[in-house]
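K.L.:
Test case, fold it:
(one chain, ligands or ions: 1)
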Amino acid sequence: MKHIIYCFLHFIFLFSFNSCEILDTYSEKTENTVDPQWEESPKAHKTQNSKVQKTISAPKPKPLLIPRSKNRPVGESEMKSLCQKLDKKFYQYGWRKSGCQYYKWQFVRRSHLGNPIAWVHYGEPEEVKANTTIVLCGVHGDEITPVKFCYDLMKYLDKNQKLLLGNRIIVAPLVTPDSFLKKWPSRTNARGVDVNRNFPTNDWHAKAHKIWKRRYKSTKRKFPGKRPNSEQETIFQVNLIKRYKPQKIISVHAPLTILDYDGPGHHGEGEGHDLLLQMSKSAKGYQVKNYPYFPGSLGNWAGHMNKIATYTLELPSSDNRLHKKFWKLFEKAMTHAITHKL
Ligand SMILES: [Zn+2]
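P.N.:
Numbering: from 1, shown residues only. Next up, the predicted model:
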């Protein structure tokens, strides 16, 4: 229906049928710049880059990349099957359809159970220098609302394309698919590892197991793995960050009801911390807390070690019925975060 109205309006105002093709060219725009088979590791990226350059006929990349197409659903059969599983979950949680099958996904890595670990690229293509934000959801599979939060963000970006100008937003809505998709979702991945304790931080060998045993009494929920970076979901995040070199990362969790910042000036000085306060202000004064970082956590690896502004948004709950409320609460803060240049 929307399509028809859109075309009709264009016909009236522009006296041309050609403008209706705008709707059909979304995926063509992406094809110049994104290949679903790209490896997220820098090494493979290089080889893929040269491959892509050969296929680009225009000298300059198109300015914007809008990864959604109403007319050309994703053909990749593995993604199709993941989308079907995801839609079942969405139905079960009383959410609307995810729209998963309409996105131009990129993935190269699969989880232990073979599910693609995928992301969507919004905004400026990789060849263009741009303010880049990576948004990660579903790192812990039993945190239900964050997954919907990322899909709500993607829907919002689809509708507000002016936000993409000069910005690049990489959204990975389901980092740990195996845990979210199973009947009783769990915090750990299919191999029983807490992905957010598995990053290759400097203190991992000395402290990860010690803290897990002493402070967490060897609770299975927080097992950091046998060695750092042993899990596909961790490798995925590490490589995604290495590839896109974001200025900031936002990892969405639940239910601690805090906004936490790790990165340059995490004690309260500097631009990264200022953005944290602005995000909190845009979300009705959402509680800011300087949560300690752990051996193997994203905050430790990306924020502390690699000096990337890393925000952990802990939503108030995993209650699937509250997703609308959460997105409403953070819409302004997320808009601010992805458009703000650090
Ligand atoms: Zn979590």
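K.L.:
Where do the helices of the chain begin and end?
P.N.:
Under the criterion DSSP state H, the chain contains helices at 2-14, 21-24, 26-31, 42-55, 77-92, 144-159, 177-181, 209-214, 232-244, 271-282, 298, 323-339.
K.L.:
Go through the ones you listed and find the least confident stretch.
P.N.:
Lowest mean pLDDT within the helices of the chain: helix 21-24, at a mean of 22.
K.L.:
Around the ion, which positions in the stretch 1-150 of the chain sit nearby?
P.N.:
Counting by CB under 5 Å from the ion, the positions of the stretch 1-150 of the chain adjacent to the ion are His140. C-beta here means a position set from N, CA and C on the backbone, and glycine is covered the same way.
K.L.:
Likewise for the stretch 151-300 of the chain?
P.N.:
So the stretch 151-300 of the chain meets the ion at His253 (CB under 5 Å from the ion).
K.L.:
Tell me which residue of the stretch 151-300 of the chain lies closest to the ion.
P.N.:
Closest residue of the stretch 151-300 of the chain to the ion, CB to the ion: His253 (3.4 Å).
K.L.:
ok, that residue - how many residues close by?
P.N.:
23 (other CB atoms under 10 Å).
K.L.:
Kindly state the pLDDT recorded for it?
P.N.:
Per-residue pLDDT puts His253 at 97.
K.L.:
can you pull the contacts of it?
P.N.:
Residues in contact with His253, defined by CB atoms under 8 Å, 6 or more residues apart in numbering, are Val139, His140, Glu143, Pro146, Thr312, Leu313, Glu314, Leu315.
K.L.:
what about 7 Å?
P.N.:
Val139, His140, Glu143, Pro146, Thr312, Glu314 (CB atoms under 7 Å, 6 or more residues apart in numbering).
K.L.:
again, but for Asn290
P.N.:
Contact analysis of Asn290 by CB under 7 Å, 6+ apart lists Asp260, His266.
K.L.:
Swap in 8 Å and give it another go.
P.N.:
Contacts of Asn290 (CB under 8 Å, 6+ apart): Asp260, Tyr261, His266, His267.
K.L.:
The last one: neighbour count?
P.N.:
The burial metric for His267, expressed as a neighbour count using other CB under 10 Å, is 8.
K.L.:
With the third one instead?
P.N.:
Using other CB under 10 Å, the number of residues around His266 comes to 20.
K.L.:
go on, Lys217?
P.N.:
Lys217 has 8 neighbours, counted by other CB under 10 Å.
K.L.:
count of residues packed around the residue lying closest to Trp327 once chain neighbours are set aside?
P.N.:
In space, and not counting its chain neighbours, Trp327 is closest to Asp152: 4.2 Å by CB to CB, 6 or more residues apart in numbering. For Asp152, the count of nearby residues is 22 (other CB under 10 Å).
K.L.:
now swap in His112 and tell me
P.N.:
16.
K.L.:
again, but for Thr335
P.N.:
16.
K.L.:
circling back to that earlier point, can I get the contacts of His253 in CSV including neighbour count?
P.N.:
Listed next are the contacts of His253 as CSV, based on neighbours: other CB atoms under 10 Å:
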residue, neighbour count
Val139, 27
His140, 25
Glu143, 24
Pro146, 27
Thr312, 25
Glu314, 21
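K.L.:
Mark which of those residues are part of strands, please.
P.N.:
Thr312, Glu314 (DSSP state E).
K.L.:
any residues touching stretch 266-279, and which ones?
P.N.:
With contact meaning CB under 8 Å, 6+ apart, stretch 266-279 is reached by 248, 259, 261, 263-265, 286, 288, 290, 303-304, 309, 311, 333, 336-337, 340, 342.
K.L.:
hmm, which of these are the buried ones?
P.N.:
Buried members of the contacts of stretch 266-279, counted by 16 or more other CB atoms under 10 Å: 248, 259, 261, 263-264, 286, 288, 303-304, 309, 311, 333, 336-337, 340, 342.
K.L.:
now the closest residue to the ion within the stretch 101-250 of the chain, nearest residue through space, not along the chain?
P.N.:
Proximity to the ion, evaluated over the stretch 101-250 of the chain using CB to the ion, is greatest for His140 at 3.6 Å. Leaving out its chain neighbours, the residue that sits closest to His140 by CB to CB, 6+ apart is Arg187, at 4.7 Å.
K.L.:
for stretch 92-99, which positions count as buried?
P.N.:
Going by neighbour count (16+ other CB under 10 Å), the buried part of stretch 92-99 is Trp95, Ser98, Gly99.
K.L.:
Return the distance of it from the chain's centre.
P.N.:
How far stretch 92-99 lies from its chain's middle: 18 Å, per CA atoms, centre = their mean, to the nearest Å.
K.L.:
same question, stretch 282-292
P.N.:
20 Å.
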